[in-house]
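In: my questions are about this predicted structure, shown below with the sequence.
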Amino acid sequence: MESNVTRPEWSSRIGFILAAVGSAVGLGNIWRFPYIMGKYGGSAFLLVYLLIILFVCSLPLICELAFGKRTKKESIGAYGSVNKKLKIFGWSNVITATIIASFYFVIGGWLLNYIYINIANTIITDYGSYFENFVSSPVLPCILTTLFLFMVMFFIFRGVNKGIEFINKVMMPLFLLIIIILCIFSMSLPNASSGLKFMFMPDFSKINGEMLLAALGQSLFTLSIGMGILLVYGSYMTKKENAARSAFMIIFSDTMFALLAAIMIFPAAFSFGLDVNSGAGLAFITLPNIFAQIPYGNIFAVLFFVLLFFAAFTSSISIVEVPTAALIENFHLSRNKAAAIVSVIVFALAVPVTLSMGIFGGFKLFGLNLFDFFDYITSNILLPLNTIILCIIIGWFVKLRNIRAFRNKTIYAIFNFLLRFVTPVALTLLILFGTILKK
Ligand code: PHE
């Protein structure tokens, strides 16, 4: 089925870069990167992480962008243009994106609550039990997730330029401003320098297989690879744009924001003698405990949750554009109809996900509640799998030269080798050992 719809295009290079960086910079940068960096040897980890991004993950990143740009199609159409039978791999991207949306939006709802309680200056004595009670309650998280969904879908309804590009142009500069304010604040706390020292002190003894897998998994997730996002964002690129150059700008900005997040978190945690943990526990329990102990803490808490909200919002927009564009282009629907259908599907998935933290908690898949199960299969299986398939199809069938990502012959030869051999092997190891190690 060929689509004849006139396709949107980014109105400026900066609009595109901000949207792609907005997608890449998400909760992964703020609540996962600092923890992993601390756990696996500080700047020794950083070095390994950068090498992995450069030699393994930059390839699928460039390929996704260039594949979208070349075919001018979203993931199902792009794979279908190689061979109709390959459309199934495009579907796999669309399904992965929809599943990720269903639990990411739940966190978006939590963030709305935490912005509210800090603006209202609600007194909470024990953040641990407050968080437990809040997420397991049946009504409020559902309502807030739905609100978050409406807010995101509003910009999807408005389209690529007036919606996606516009909101990223507003939120990303503010995001930079807030994170800098919070970094300065964190570094001004007593004993902050020992946090920085710990964070950057290289510990090469921590380099091992498990650390390599952690770095690999983190770089895939943080760069939004294997979800069809870069394919669809790439398909809105103008001819003038260069996929490889854009990819490196995305990598640079994403890494810079991850480091800023670490600079924001480590000194504060050290100053209060708390361990840096990761995920919801860090954002919703550890850090609020710190904010509660300092003068004007609730102002910093509001800034922090707004920061997380922006991170989640711009990533969420990119993830729902994947199924929306797929419906528009493969079923010839208007953007409004497509966005309405996506809203209903994400809502239908997000509600059981929220409830799986409480009343549906007894329902387990492979020993995990629905929230953790969706998180697990996407990060550990679907993302690496989609990425391996992309590398194999571009590296061995479409051929890297045909998506015109590189002009320089030597660079092309190096990257072609990496794409055909190194990336697929590294990612296969990630799936095999990542799954076994976690057990
Ligand atoms: N790069 C995002 C992050 O670090 C991953 C993501 C993108 C998640 C889009 C959801 C939606 O959080």
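Out: Perfect, I can see it now.

In: buried residues in the worst-scoring helix or strand of the chain on mean pLDDT?
Out: In the chain, the helix or strand scored least confidently by mean pLDDT, DSSP states H and E is helix 423-438, which has a mean of 81. Neighbour-count burial for helix 423-438 flags 423-424, 426-427, 430-431, 434 (criterion: 16 or more other CB atoms under 10 Å). Any C-beta I mention is one placed from the backbone N, CA and C, and that applies to glycine too.

In: now do the strand or helix carrying residue 195: everything it contacts.
Out: Under the criterion of DSSP states H and E, residue 195 resides in helix 192-200. Here helix 192-200 makes contact (CB atoms under 8 Å, 6 or more residues apart in numbering) with 34, 37-38, 42-43, 186-187, 262-263, 266-271.

In: which of these are buried?
Out: So, by 16+ other CB under 10 Å, the buried ones in these are 34, 37-38, 42, 186-187, 262-263, 266-271.

In: which residue, other than its chain neighbours, is closest to residue 37?
Out: Spatial nearest neighbour of residue 37, excluding adjacent residues (CB to CB, 6 or more residues apart in numbering): residue 45 at 5.0 Å.

In: contacts only, for the closest residue to residue 180 other than its chain neighbours.
Out: What sits nearest to residue 180 in space, not counting adjacent residues and going by CB to CB, 6+ apart, is residue 260, at 7.3 Å. Listed by CB under 8 Å, 6+ apart, the contact set of residue 260 reads 179-180, 183.

In: so which bits of the stretch 151-300 of the chain are right by the ligand?
Out: Within the stretch 151-300 of the chain, the positions adjacent to the ligand are 221-222, 224 by CB under 6 Å from any ligand atom.

In: re earlier: can you put the buried residues of helix 423-438 in a markdown table and add distance to the ligand?
Out: Formatted as a markdown table, the buried residues of helix 423-438 follow (distance: CB to the nearest ligand atom, whole Å):
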| residue | distance to the ligand |
| --- | --- |
| 423 | 18 |
| 424 | 21 |
| 426 | 19 |
| 427 | 17 |
| 430 | 16 |
| 431 | 18 |
| 434 | 17 |
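
In: tell me the one of these nearest residue 371?
Out: residue 434 (19.2 Å; CB to CB).

In: from residue 303, how far off is the closest one?
Out: The spacing between residue 434 and residue 303, counted by CB to CB, to the nearest Å, is 35 Å.

In: pretty sure the residue nearest to residue 37 sits against residue 206.
Out: Yes: counting by CB atoms under 8 Å, residue 45 does reach residue 206; the two are 6.9 Å apart.

In: where does the closest residue to residue 52 other than its chain neighbours land on pLDDT?
Out: Spatial nearest neighbour of residue 52, excluding adjacent residues (CB to CB, 6+ apart): residue 215 at 4.9 Å. With respect to pLDDT, residue 215 scores 91.

In: can you pull the contacts of residue 201?
Out: Counting by CB under 8 Å, 6+ apart, residue 201 makes contact with 42-43.

In: buried sites along the helix holding residue 195?
Out: Of all the residues in helix 192-200, those buried under the rule 16+ other CB under 10 Å are 192, 195-196, 198-200.

In: which of the three states applies to residue 357?
Out: coil (DSSP: H, G, I helix; E, B strand; the rest coil).

In: burial of it, as a residue count?
Out: By other CB atoms under 10 Å, 22 other residues sit near residue 357.

In: swap in residue 13?
Out: Residue 13 has 16 nearby residues by other CB under 10 Å.

In: now it, nearest residue through space, not along the chain?
Out: Counting by CB to CB, 6+ apart, residue 13 lies nearest to residue 241, which is 6.4 Å off, once chain neighbours are set aside.

In: work out for me the element the one you found sits within.
Out: Going by DSSP H and E, residue 241 is not in any helix or strand.

In: same check, this time on the one 5 residues further on
Out: Under the criterion DSSP H and E, the helix or strand holding residue 246 is helix 243-271.

In: and that helix, what's its mean pLDDT?
Out: Rounded mean pLDDT across helix 243-271 is 95.

In: now that helix, how far from the chain's geometric center?
Out: Chain-centre distance of helix 243-271: 13 Å, with CA atoms, centre = their mean, to the nearest Å.

In: contacts for the next helix or strand after that helix?
Out: Per DSSP H and E, the first helix or strand lying C-terminal to helix 243-271 is helix 279-281. With contact meaning CB under 8 Å, 6+ apart, helix 279-281 is reached by 31-32, 35, 107, 110, 131.

In: at 7 Å instead, please
Out: With contact meaning CB atoms under 7 Å, 6 or more residues apart in numbering, helix 279-281 is reached by 31-32.

In: then stretch 339-350?
Out: 98, 101-102, 105-106, 145-146, 149, 153, 156-157, 320, 323-324, 327.

In: looking at the contacts of residue 260, which one is closest to the ligand?
Out: Checking these against the ligand with CB to the nearest ligand atom, the nearest one is residue 179 at 14.1 Å.

In: so how far is residue 169 from the residue lying closest to residue 165 once chain neighbours are set aside?
Out: Nearest residue to residue 165 in three dimensions, chain neighbours excluded: residue 15, at 4.1 Å (CB to CB, 6+ apart). Plainly put, residue 15 is 6 Å away from residue 169 if you go by CB to CB.
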